[in-house]
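Peer 1: A structural model of the following input is requested.
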Amino acid sequence: MESCMKTTTTTTTTDHQLSPTSVLAPPTPVVLSPCAACKILRRRCTDKCMLAPYFPPTDPHKFTIAHRVFGASNVIKLLQELPELRRADAVSSMVYEANARFRDPIYGCTGTICMLQKQISALQAELAKARAEKVNLQCRQSHFLTLIHMQMEQNLPVSPSPQQQNLFENFCFLDDCAGIGSPEPLWT
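Peer 2: As a prediction, the model looks like this:
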């Protein structure tokens with residue numbers, strides 16, 4: 001049983017063992033395991049593998065699904081045509097589209113987009129209806145307050161008493177400040 005066990009030894013280097021040139025030199029990239037794309041395609045992964053940054057060995061499903069839908073040569077060709085800054089977005093887009101194609105083989109991501117557009121339209125219609133109802137209620141409130149204001153003016157004598165004048169001023173103050181605490185004024 002002891003003969004089957006492997007023992008590993010690790011060596012560590014300390015700062016005093018390094019030469020001045022090894023500290024300043026950039027580390028050379030060492031490929032410990034091939035990227036998911038090279039592993040699935042069964043080819044040798046090099047330092048300059050174009051697919052390695054986008055398909056890490058820890059996530060082979062990502063390349064598998066893109067490979068099944070688009071094919072490896074199309075994935076490579078697409079990435080070669082793009083500048084490096086856009087490649088990560090292209091890979092995530094390809095993986096998303098491939099996943100959508102597996103979920104819905106007929107419409108793919110187009111079906112998802114159409115469904116989301118319908119939801120947006122329904123929510124916009126609901127929002128427009130709520131805004132119209134809000135304006136309607138504000139108009140009713142404004143009309144009601146105007147009628148009360150006119151009624152109070154008609155019921156006041158030509159020279160109102162100080163007590164009635166104070167009541168009228170308080171009413172106007174409350175009318176003007178009806179929107180306090182709300183993000184928008186109740187009417188404009």
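Peer 1: low-confidence ranges, the protein, go.
Peer 2: 1-32, 156-188 (pLDDT under 70).
Peer 1: go through it and flag its longest helix.
Peer 2: The longest helix of the chain (DSSP state H) is helix 109-155.
Peer 1: can you pull the contacts of the nearest residue to Arg101 once chain neighbours are set aside?
Peer 2: What sits nearest to Arg101 in space, not counting adjacent residues and going by Cβ to Cβ, 6 or more residues apart in numbering, is Gly108, at 4.3 Å. Every C-beta, even on glycine, is put in place using the N, C-alpha and C of the backbone. Counting by Cβ atoms under 8 Å, 6 or more residues apart in numbering, Gly108 touches 97, 100-101.
Peer 1: walk me through the domains of this structure.
Peer 2: 31-103, 110-154+161-176 (automatic domain parsing).
Peer 1: most tightly packed of the ones you listed?
Peer 2: Among the domains of the chain, domain 31-103 has the highest mean neighbour count (mean count of other Cβ atoms under 10 Å), at a mean of 16.
Peer 1: so which other helices or strands are in contact with the helix or strand that contains Arg101?
Peer 2: Using DSSP states H and E, Arg101 maps to helix 84-103. Packing partners of helix 84-103 (3 or more Cβ pairs under 8 Å, 6 or more residues apart in numbering; DSSP states H and E): helix 60-70, helix 72-81, helix 109-155.
Peer 1: can I get those in JSON lines with distance to Arg43?
Peer 2: Below are those laid out as JSON lines (distance: least, Cβ to Cβ, whole Å):
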{"stretch": "helix 60-70", "distance to Arg43": "12"}
{"stretch": "helix 72-81", "distance to Arg43": "10"}
{"stretch": "helix 109-155", "distance to Arg43": "29"}
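Peer 1: restricting to C-alpha, output stretch 48-66 in CSV.
Peer 2: Only the C-alpha atoms of stretch 48-66 are listed here, as CSV (Å, rounded to 0.1, in the frame of the first residue of the first chain):
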residue,chain,number,x,y,z
LYS,A,48,0.1,31.9,-27.4
CYS,A,49,-3.2,29.9,-27.6
MET,A,50,-5.8,32.4,-28.7
LEU,A,51,-8.6,30.4,-27.0
ALA,A,52,-6.9,30.0,-23.6
PRO,A,53,-7.9,33.4,-22.1
TYR,A,54,-11.6,32.9,-23.0
PHE,A,55,-12.0,29.1,-22.3
PRO,A,56,-10.2,28.3,-19.0
PRO,A,57,-9.6,24.7,-18.1
THR,A,58,-11.9,25.0,-15.2
ASP,A,59,-14.9,25.6,-17.4
PRO,A,60,-15.0,23.1,-20.2
HIS,A,61,-18.8,23.4,-20.6
LYS,A,62,-18.3,26.9,-22.0
PHE,A,63,-16.3,25.8,-25.0
THR,A,64,-18.3,22.5,-25.5
ILE,A,65,-21.6,24.4,-26.0
ALA,A,66,-20.0,27.0,-28.3
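Peer 1: sounds good, over and out.
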